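>>> 3D, please:
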Amino acid sequence: SEPVAGFQFNINGINITSASGGSAEENGFSVTGAGSVVVGFNISGGTLPPSNAALVNIAFDSYDGDICLADAILSDPAGDALDVSLGD
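Coordinates of the predicted model:
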């Protein structure tokens, strides 16, 4: 429900080879993904508007059968953490 200036999250159970596209790329974010971590931010201070759009596309080369989004951190334009709730 608020603009997001940066994000970081893990996807446990896969080996991420890249992250790109989605609303992050559409809004000028630099996105990297490797191992199990994805990080995105806009170096010029831009933000992601509130939406239900796909944030980013993840490519991976292996998985162990269980994939889980974990340890999500979202920050506002001031760098303060936003509340994040992940489901099961």
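
>>> what's the span of stretch 30-46, first residue to last?
End-to-end span of stretch 30-46 (C-alpha to C-alpha, to the nearest Å): 11 Å.

>>> how about that stretch: buried residues?
For stretch 30-46, a neighbour-count test (16 or more other C-beta atoms under 10 Å) marks 31, 33, 36, 38-42 as buried. In this view, the C-beta of every residue, glycine as well, is placed from N, C-alpha and C.

>>> By mean pLDDT, point me to the weakest helix or strand of the chain.
Least confident element among the helices and strands of the chain, by mean pLDDT, DSSP states H and E: strand 57-75 (a mean of 93).

>>> got the buried residues of stretch 30-46 as TSV, with pLDDT columns?
Formatted as TSV, those follow (pLDDT from 0 to 100):
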residue	pLDDT
31	97
33	97
36	96
38	98
39	98
40	98
41	96
42	95
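
>>> Out of those residues, flag the one nearest to residue 49.
Checking these against residue 49 with C-beta to C-beta, the nearest one is residue 42 at 12.0 Å.

>>> Surely the closest one and residue 25 touch.
No - at 10.6 Å, residue 42 and residue 25 do not qualify as touching, with contact defined as C-beta atoms under 8 Å.

>>> before we move on, the earlier item: check which helices and strands the next helix or strand after the least confident helix or strand of the chain sits against.
For strand 57-75, the succeeding helix or strand toward the C-terminus, using DSSP states H and E, is strand 81-82. Counting contacts by 3 or more C-beta pairs under 8 Å, 6 or more residues apart in numbering; DSSP states H and E, strand 81-82 packs against strand 57-75.
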